[in-house]
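Participant: requesting a structural model of the entry that follows:
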Amino acid sequence: MREKRAYKPRKPGGGRKKLKPEYDAGKNLIEQMERAVALYDSEMSLQAIGEELGLNPIKVRKLLITAGVYESEVAEKVQDTFAEYRETQDYKTSILSTAKALNLSKASVTSYLPYQKGVYFPSTAEKEKISVGAERQRRYRAMKRWRADPTEENFWGVVLAYAGVRFKTYSGLPFTYEIKKGRNGEYTKELWIDRREKSKSLAWSSVLLALGNIKGEVVVDRPKALGDIRGVTYIYGMFYRFGLIDVPDEVKEKMK
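Facilitator: As a prediction, this is how the structure comes out:
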């Protein structure tokens, strides 16, 4: 009778070796995406970018969507619909549901979604979980919704989308703001201004008061022109970044 061979534990990292150990799909995707974005920023068409990179225009568009720089009504509709279904369905089912709801093919739906691996972050995901490009797209959509329907709720959506973004005051001092959540998990209507090592709060009511004082002026000369409001210096910087007001040329140099 043959003697039983002693068990040898597998070494860490053991198993079948990769045929192409130098190949990194994630790295290649990022490189393609960066090249596509650079060409897109130079105002090349999708067709021209595809010819430059040896890709078809649909793949170029998907790369740009993944980077968060391509926007269209169809892409927005597909992504928003998919995000709604994704809250209760798995990835594949969400694609089928989106295709049926919008009367599109499965391939068309997929072509308007960003590349992903396993996890899809809907529009409500925390900003720490999404890319810089996705953050930029989220801000664009929030502003677009508010301009189409200028309600207080939609403007609050704009302010939420810009949390953590760098602004500058009238005198050129940089600042950001954050919005905290209460015990119930909902955002509080209070902005926490972080300027260097000091933090101070800015009430939502103050922001709305300043918004109501814009009154269609093309150029707002100084913060006080928005009203005698606590924290108006910061509101002035926010409104300029939002594109709600313009400022004098000499002030623009400070606020770049």
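Participant: check the offset of stretch 139-147 from the chain's centre.
Facilitator: How far stretch 139-147 lies from its chain's middle: 12 Å, per CA atoms, centre = their mean, to the nearest Å.
Participant: now it - C-alpha only, CSV.
Facilitator: The C-alpha coordinates for stretch 139-147 follow below in CSV (Å, rounded to 0.1, in the frame of the first residue of the first chain):
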residue,chain,number,x,y,z
ARG,A,139,-22.5,69.8,-9.3
TYR,A,140,-23.4,70.4,-12.9
ARG,A,141,-26.6,68.5,-12.5
ALA,A,142,-27.6,70.2,-9.3
MET,A,143,-27.1,73.6,-10.9
LYS,A,144,-29.0,72.5,-14.0
ARG,A,145,-32.0,71.4,-11.9
TRP,A,146,-32.1,74.6,-10.0
ARG,A,147,-31.9,76.8,-13.1
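Participant: return the set of buried residues in that stretch.
Facilitator: Arg139, Arg141, Ala142, Met143, Arg145, Trp146 (16 or more other CB atoms under 10 Å). C-betas here are computed from N, CA, C, even on glycine.
Participant: pLDDT wise, what is the first one at?
Facilitator: Okay, so that is Arg139. For Arg139, the pLDDT comes out at 85.
Participant: and the residue nearest to it when sequence neighbours are not counted, what does it touch?
Facilitator: Spatial nearest neighbour of Arg139, chain neighbours left out: Ala161 (4.5 Å); criterion: CB to CB, 6 or more residues apart in numbering. Contact analysis of Ala161 by CB atoms under 8 Å, 6 or more residues apart in numbering lists Glu135, Arg138, Arg139, Arg141, Ala142, Met143.
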